[in-house]
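In: Got a predicted model here, sequence first, then my questions.
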Amino acid sequence: MNQTPNTISLFEVNATNTPAVQIFASLHHKAFQNIGQKSWSESEVTSLLSSESIHGFLLQENQVPYGFVMIRLVDIEAEVITLGLDPHYQQLGYGRFLLYETLKILRLFKVKKVFLEVREDNIKAIHLYKTFKFRKIGVRSKYYQTLDRKLIDALTFKLEI
């Protein structure tokens, strides 16, 4: 990261904030298009955020958004539903900052266990999660389907916080 963390923040997105939902969907598209993964539409983002247990956040620096995360809270457990960055901001420490801030938020909600799934070929994301001590607990065979219909396993990870 080239800036000090004081200029970086998470902005909560709700289903009624149409401009923020549009930005979330746009960033989701940018983050996943290069790996051939279907991105979420604005209506899909809105639908997810309409659930009381789901929270979405945009990562922004100087009010310029370039990352996102969506989490589901269920009692003392949470699931990271999606997390990503605009490709121009990858490999610069922003993903680490986004995950760190997400875990801080989850601790405020008294979460004890965090789960997530990641494509087995998403080596950068797997490395990031392992850096935070997530451990692999399972595999979902042929869970993800790429735009060209290739089936890819999902690795399931867990972190106790």
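Out: Yes, it's here. Numbers count the residues shown, from 1 in each chain.

In: mind listing the strands in the chain by residue range?
Out: Ranges of strands in the chain, per DSSP state E, are 8-13, 54-61, 64-74, 77-85, 113-119, 135-145, 151-160.

In: So what's the residue count around the closest residue to E160 other than its chain neighbours?
Out: The spatial neighbour of E160 that comes closest, neighbours along the chain excluded (Cβ to Cβ, 6 or more residues apart in numbering), is K113 at 5.7 Å. Heads up, the C-betas are built off the backbone N, CA and C, glycines and all. Close neighbours of K113, defined as other Cβ atoms under 10 Å, add up to 15.

In: and what of the one 4 residues further on?
Out: Here the count is done by other Cβ under 10 Å, and E117 has 19 residues near it.

In: same question, K110
Out: Using other Cβ under 10 Å, K110 is surrounded by 10 other residues.

In: H29 versus that one, what's the distance?
Out: K110 is 33 Å from H29, where distance means Cβ to Cβ, to the nearest Å.

In: JSON lines for the strands of the chain, including mean pLDDT and distance to L98?
Out: Converted to JSON lines, these look like this (pLDDT from 0 to 100; distance: least, Cβ to Cβ, whole Å):
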{"stretch": "strand 8-13", "mean pLDDT": "92", "distance to L98": "8"}
{"stretch": "strand 54-61", "mean pLDDT": "96", "distance to L98": "5"}
{"stretch": "strand 64-74", "mean pLDDT": "96", "distance to L98": "5"}
{"stretch": "strand 77-85", "mean pLDDT": "97", "distance to L98": "7"}
{"stretch": "strand 113-119", "mean pLDDT": "98", "distance to L98": "13"}
{"stretch": "strand 135-145", "mean pLDDT": "96", "distance to L98": "20"}
{"stretch": "strand 151-160", "mean pLDDT": "97", "distance to L98": "15"}
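
In: any chance of these in JSON lines, plus distance to L92?
Out: Shown next, in JSON lines, are the strands of the chain (distance: least, Cβ to Cβ, whole Å):
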{"stretch": "strand 8-13", "distance to L92": "11"}
{"stretch": "strand 54-61", "distance to L92": "11"}
{"stretch": "strand 64-74", "distance to L92": "10"}
{"stretch": "strand 77-85", "distance to L92": "9"}
{"stretch": "strand 113-119", "distance to L92": "20"}
{"stretch": "strand 135-145", "distance to L92": "26"}
{"stretch": "strand 151-160", "distance to L92": "23"}
